[in-house]
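Asks: attaching a predicted model along with its sequence, questions to come.
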Amino acid sequence: MSAVDYIKKILKELLPYENYTLITRLTTADVQKRLSDNIEPNKAYRFNPFGENIKPYEGVISGNTFTINRIIHYRNSFLPIITGQIADDAGKTCIKIKMRLHLLVLIFVSFWLYTTGKFCVIVLTQNPSLKDLHPHPDASINPSLIPFIMFTVMLVMTLGGFKTESKKSKRFLSSLLEEEK
């Protein structure tokens, strides 16, 4: 594996973005039917007092494109927005799928990482060894480490929340649409 391929692989794991193609022997109409059977319209609030069947995804199917996200019963701001395009390809059907963060969440996370990253660079350029920094005797942590902690926590939360949900959606879509391996 070349260095460029290795860097691409690492970046793919570190970005809250997925882009892949799912290939199936199902027809375009069958794919659309299966998707529509598992997708309900977007709702601002879901209330299910009697245990009614709720479909696993919400969103919109329009022709050969769809935009969906998983219906969850807990809070996850890093839930992937899944967009797809369905196309015929030599007797098979290709579904090009992209998973990304909601735009507002992406803007907030980018701002957070940029700002804390900038402070990390400032701390490193002023005190490259971090050995010369002595915390106040009453402090339990060196204040210079706070930007590093804030950067790391946001990165772990974002990737953990996004990648966990994207794996669940990949498995579901692969099974639902009978992906060829």
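Replies: Alright, I've got the coordinates.

Asks: use CA for all of it now, contacts and neighbours both
Replies: Fine.

Asks: give me the number of residues near residue 83?
Replies: 20 (other Cα atoms under 10 Å).

Asks: run through the residues that contact it.
Replies: Counting by Cα atoms under 8 Å, 6 or more residues apart in numbering, residue 83 touches 65, 66, 67, 68, 97, 98, 99.

Asks: now, the residues you listed that are in strands?
Replies: In strands, defined here by DSSP state E, the members of those are 65, 66, 67, 68, 97, 98, 99.

Asks: quick check, nearest of these to residue 25?
Replies: residue 97 (16.6 Å; Cα to Cα).

Asks: give the buried residues for the helix or strand residue 20 falls within.
Replies: Following DSSP states H and E, one finds residue 20 within strand 17-24. Applying a neighbour-count criterion of 16 or more other Cα atoms under 10 Å, one finds 17, 18, 22, 23, 24 buried in strand 17-24.

Asks: swap in stretch 111-130?
Replies: Residues 112, 113, 116, 117, 119, 120, 123 are the ones in stretch 111-130 that count as buried (16+ other Cα under 10 Å).

Asks: ok, the fourth one - contacts?
Replies: Shown here is residue 117, whose contacts under the criterion Cα under 8 Å, 6+ apart are 147, 148, 151.

Asks: list only buried entries from those.
Replies: Buried residues within the contacts of residue 117, counting neighbours by 16+ other Cα under 10 Å: 147, 151.

Asks: if we can go back for a sec, what average pLDDT does the strand holding residue 20 get?
Replies: The predicted model assigns strand 17-24 a mean pLDDT of 94.

Asks: from the chain's centroid, how far away is that strand?
Replies: A distance of 14 Å separates the centroid of the chain from that of strand 17-24, by Cα atoms, centre = their mean, to the nearest Å.
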